[in-house]
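Engineer: Curious how this folds, go ahead:
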Amino acid sequence: MGPGDLARALAPLPVHSDPRLLVGRETFDDAGVFALSDELALVQTVDFFAPIVDDPYTFGRIAAANALSDVYAMGGEPMTALAIAGFPSSSAPIEVLTEILRGGHDAVHEAGAVLVGGHTIIDEEIKFGLAVTGRAHPKRLLTNAGARPGQVLVLTKPLGTGLLATAHKSGSLAPALLERLVTTMMALNATASRAALQVESRCATDITGFGLLGHATNIARASTVTLRLILADIPVMAGALEAYDAGARTGGAERNASFLAERVEWHAVGERQRAILLDPQTSGGLLVAVPAPRVAEYLSLVPDAVAIGSVEPRGAFDIVLA
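Structural biologist: Below is the predicted model of the structure:
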């Protein structure tokens, strides 16, 4: 669902306060955080979706990496995971489900966590994901509410997975571009998360279905700041703009555009640039607000990370594009 629809669905629900709930739904963070003690908090999330690649094993790994990313976005370490699957058992070989689960298992194992079980239903469309529980120190969290003016915004993976995946579905994506796309989506955000804590950052989000601007606006609102993004510095995956030129479009980007129309100072952003900024990502990178004196250190710790903007005092917009 798009951010606007989700916000409207949640708005009528009561908010119950509990001193142990350190991060709830109010700030649209990537996961919830619940304190067990002064030294230990649980980080909990769930994420699942339909296949975006043909190979079942690869899909399982990507879906699992995407779910695990929510824990990393909070500064947590994954501990356990539960698999969630919808599968058309009457029309697809059960071996397909086995391979999806194997891919998910391997991603969870790579994260140092344990797949402890799960739940399946019969569905007309294949779907897969994880419910993940992680651990974090209550005073060393990464949240949407932790950005401060003067910090530098760093993005740890290039954008464009949504456009490239759409091109792949239509059969128009070159094999080399597909290989790069898959490699990027399967990569865990563990290093980016641990490095953020090392440089004393307290703000991050992972870039997934709401696109770069959608997740960035969550930071702006929760932290009561404005984010200035430098268009020329934002990294884009090879082939993504060409996929857009060839007609690749996603419904998610349209929903993101509707939600963000009045929240962003667009200036003279062209259609191609706008498509990248709104593109729903799968297993995207982290957007981290890094203390300015430690940006060089962070960039040295996360090889693909790029500085793309800055945090400013709150202005008229959530995001200003420059």
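Engineer: so where do the strands sit in the stretch 101-250 of the chain?
Structural biologist: For the stretch 101-250 of the chain, the strands defined by DSSP state E, counting those that start in this stretch occupy 114-122, 127-136, 152-155, 203-206, 225-229.
Engineer: Nearest approach to residue 65 belongs to which of the ones you listed?
Structural biologist: strand 127-136 (9.5 Å; CB to CB). Yep, even glycine has a C-beta here, placed from its N, CA and C like the rest.
Engineer: Convert the C-alpha atoms of that closest one to CSV, please.
Structural biologist: Taking C-alpha atoms only, strand 127-136 is exported to CSV below (Å, rounded to 0.1, in the frame of the first residue of the first chain):
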residue,chain,number,x,y,z
LYS,A,127,4.1,-14.5,-1.7
PHE,A,128,7.0,-14.8,0.7
GLY,A,129,8.7,-12.9,3.5
LEU,A,130,9.7,-12.9,7.1
ALA,A,131,8.7,-11.8,10.6
VAL,A,132,12.0,-10.9,12.2
THR,A,133,13.0,-10.3,15.8
GLY,A,134,16.3,-8.6,16.6
ARG,A,135,18.1,-7.1,19.5
ALA,A,136,19.4,-3.7,20.2
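Engineer: Work out the gap between it and the centre of the chain.
Structural biologist: Strand 127-136 sits 13 Å away from the centroid of its parent chain (CA atoms, centre = their mean, to the nearest Å).
Engineer: Mind listing the strands that strand pairs with, and their directions?
Structural biologist: strand 41-49 (antiparallel), strand 77-87 (antiparallel) (DSSP bridges).
Engineer: Could you check that strand and say which residues are buried?
Structural biologist: 127, 128, 129, 130, 131, 132, 133, 134, 136 (16 or more other CB atoms under 10 Å).
Engineer: what's the average pLDDT for that strand?
Structural biologist: Computed over strand 127-136, the mean pLDDT rounds to 98.
Engineer: Report the angle between that strand and strand 114-122.
Structural biologist: Here strand 127-136 runs at an angle of 150 degrees relative to strand 114-122 (axes from the mean of the first three to the mean of the last three CA atoms, to 10 degrees).
Engineer: rewinding a little: which one, of the strands of the stretch 101-250 of the chain, ends up nearest to residue 42?
Structural biologist: That would be strand 127-136 among those, by CB to CB, at 6.0 Å.
Engineer: what about the nearest residue to residue 191 once chain neighbours are set aside, distance to residue 9?
Structural biologist: Once flanking residues are discounted, residue 191 sits nearest to residue 302: 5.9 Å by CB to CB, 6 or more residues apart in numbering. Distance, residue 302 to residue 9, using CB to CB, to the nearest Å: 35 Å.
Engineer: Tell me which of these two has more neighbours.
Structural biologist: Using other CB atoms under 10 Å, the more surrounded residue of residue 302 and residue 9 is residue 302, with 23 against 10.
Engineer: What are the neighbouring residues in contact with that one?
Structural biologist: Going by CB atoms under 8 Å, 6 or more residues apart in numbering, residue 302 touches 154, 156, 191, 192, 195.
Engineer: How about the fourth one: what's its closest non-neighbour residue?
Structural biologist: Of all residues beyond its chain neighbours, the one nearest residue 192 is residue 156 (4.2 Å), with distances taken as CB to CB, 6+ apart.
Engineer: Give me the neighbour count for residue 213.
Structural biologist: 28.
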